[in-house]
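*Asks:* Kindly generate the corresponding structure for this input.
(one chain, ligands or ions: 2)
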Amino acid sequence: SAVANPTRAAREDTPRSPQAGAPVVRLHDVHKSFGALKVLDGVSLDVGPGEVAAIIGQSGSGKSTALRCINALETIQQGTIHVCGHAIHDPQLDRRALRRDVGIVFQSYNLFPHLTAEQNIMLAPTCVKGMTKAQARELAREVLSHVGLAEKAEHYPEQLSGGQQQRVAIARSLAMRPKLMLFDEVTSALDPQLTGEVLKVMENLAREGMTMILVTHEMAFARKVASKVVYMHRGRVWETGTGAMLDDPQTPELRAFIGNGL
Ligand code: ADP
Ligand code: MG
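*Replies:* Ligands and ions are numbered 1, 2, ... in the order given. Next up, the predicted model:
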């Protein structure tokens, strides 16, 4: 509950006060082009500790690019990005240190097919963090039970449903103990039933106080779970607010996007 989790309680009581702590993510006037194509046109965004930000918007509006910039998978031409104390725009950025703090999960699970669920999860902790196999296996079991898949540890990806594979991919990220999780349309390839089980895992993470930014088409989920909804249009933050914003859009573009008509 909110009372049992100080991070979460602080956020809910004082969502925008400076006492809530420095933002985990701060984008300031970020510009990004691919050649002549301007994809991010002055994006500014703050995400505080324990916040869940849902980025919505039509295809091509720059949502994935924004996430990739936050995780230093793209370089920006103008502006600043700070993530968990790392200056992402700085050419001297320590990418290894950033990777330890930020987990990212994509629509495609990218699990190794020749490794079991557990072995997929053990890979990074043993290779990157230098854990022993025994330690990594214990950790893998722990994060697998966290996503409700304790009994699937020795299954190979092809023996798992799409939703289960995506939960393994989330568990694999959690094994690195990230301070921030990024999700890019992680349920888009799943049918509705499997979507629900993945959203449930993300909702539990949110409740535990994990700071998260997710790109999603799941409006009901954004309304319910996100503390901040960010509507992107043509590379800009067009409208931002709480989930309630979706019930009362202020711009014709957002109104059209959520299907209330113009
Ligand atoms: P969204 O995730 O909102 O659908 P993206 O951020 O993926 O949007 O893409 C925004 C725009 O940038 C699109 O027009 C897309 O074609 C273009 N784009 C994305 N990545 C690249 C790239 N690596 N090279 C060139 N254009 C790109
Ligand atoms: Mg995208």
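
*Asks:* and stretch 116-127, how far from the chain's centre?
*Replies:* 21 Å (CA atoms, centre = their mean, to the nearest Å).

*Asks:* what comes into contact with it?
*Replies:* By CB atoms under 8 Å, 6 or more residues apart in numbering, the surrounding residues in contact with stretch 116-127 are 111-112, 115, 131-133, 135-137, 139-141, 143-144, 149, 152-157, 160, 168, 171-172, 175-176. All C-beta atoms are positioned from the backbone trio N, CA, C, and that covers glycine.

*Asks:* Only the buried residues of that stretch, if you could.
*Replies:* Buried residues in stretch 116-127, counted by 16 or more other CB atoms under 10 Å: 116-122, 124-126.

*Asks:* quick one: low-confidence ranges for the chain?
*Replies:* Low-confidence segments of the chain, defined by pLDDT under 70, are located at 1-20, 260-262.

*Asks:* What are the boundaries of the strands in it?
*Replies:* Assigned by DSSP state E, the chain shows strands spanning 25-34, 37-47, 52-56, 78-83, 86-87, 102-105, 180-184, 211-215, 228-233, 236-241.

*Asks:* Let me have these in CSV, extended by mean neighbour count and distance to residue 67.
*Replies:* As requested, the strands of the chain are exported to CSV (neighbours: other CB atoms under 10 Å; distance: least, CB to CB, whole Å):
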stretch, mean neighbour count, distance to residue 67
strand 25-34, 18, 10
strand 37-47, 18, 11
strand 52-56, 26, 7
strand 78-83, 19, 11
strand 86-87, 16, 15
strand 102-105, 23, 7
strand 180-184, 23, 5
strand 211-215, 26, 6
strand 228-233, 23, 11
strand 236-241, 18, 14
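
*Asks:* need those strands in TSV with distance to ligand 1, can you?
*Replies:* Listed next are those as TSV, based on distance: least, CB to the nearest ligand atom, whole Å:
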stretch	distance to ligand 1
strand 25-34	3
strand 37-47	4
strand 52-56	8
strand 78-83	15
strand 86-87	21
strand 102-105	14
strand 180-184	7
strand 211-215	6
strand 228-233	7
strand 236-241	12
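
*Asks:* Just send the ones you listed back as JSON lines, with distance to residue 94 too.
*Replies:* Shown next, in JSON lines, are the strands of the chain (distance: least, CB to CB, whole Å):
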{"stretch": "strand 25-34", "distance to residue 94": "17"}
{"stretch": "strand 37-47", "distance to residue 94": "21"}
{"stretch": "strand 52-56", "distance to residue 94": "24"}
{"stretch": "strand 78-83", "distance to residue 94": "12"}
{"stretch": "strand 86-87", "distance to residue 94": "7"}
{"stretch": "strand 102-105", "distance to residue 94": "12"}
{"stretch": "strand 180-184", "distance to residue 94": "16"}
{"stretch": "strand 211-215", "distance to residue 94": "20"}
{"stretch": "strand 228-233", "distance to residue 94": "27"}
{"stretch": "strand 236-241", "distance to residue 94": "28"}
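
*Asks:* Filter the contacts of stretch 116-127 down to just the buried residues.
*Replies:* Buried among the contacts of stretch 116-127 (16+ other CB under 10 Å): 111, 131, 136-137, 139-141, 143-144, 149, 152-153, 155-157, 160, 168, 171-172, 175-176.

*Asks:* Please narrow the residues you listed to those residing in helices.
*Replies:* 136-137, 139-141, 143-144, 168, 171-172 (DSSP state H).

*Asks:* Out of the residues you listed, which are close to ligand 1?
*Replies:* With CB under 6 Å from any ligand atom as the criterion, those include none near ligand 1.

*Asks:* one step back: for residue 221, which of the strands of the chain is the nearest?
*Replies:* Nearest to residue 221, of all the strands of the chain, is strand 52-56, at 7.5 Å by CB to CB.

*Asks:* Just give the strands next to the closest one in its sheet, each with its orientation.
*Replies:* If you go by DSSP bridges, strand 52-56 pairs up with strand 211-215 (parallel), strand 228-233 (parallel).
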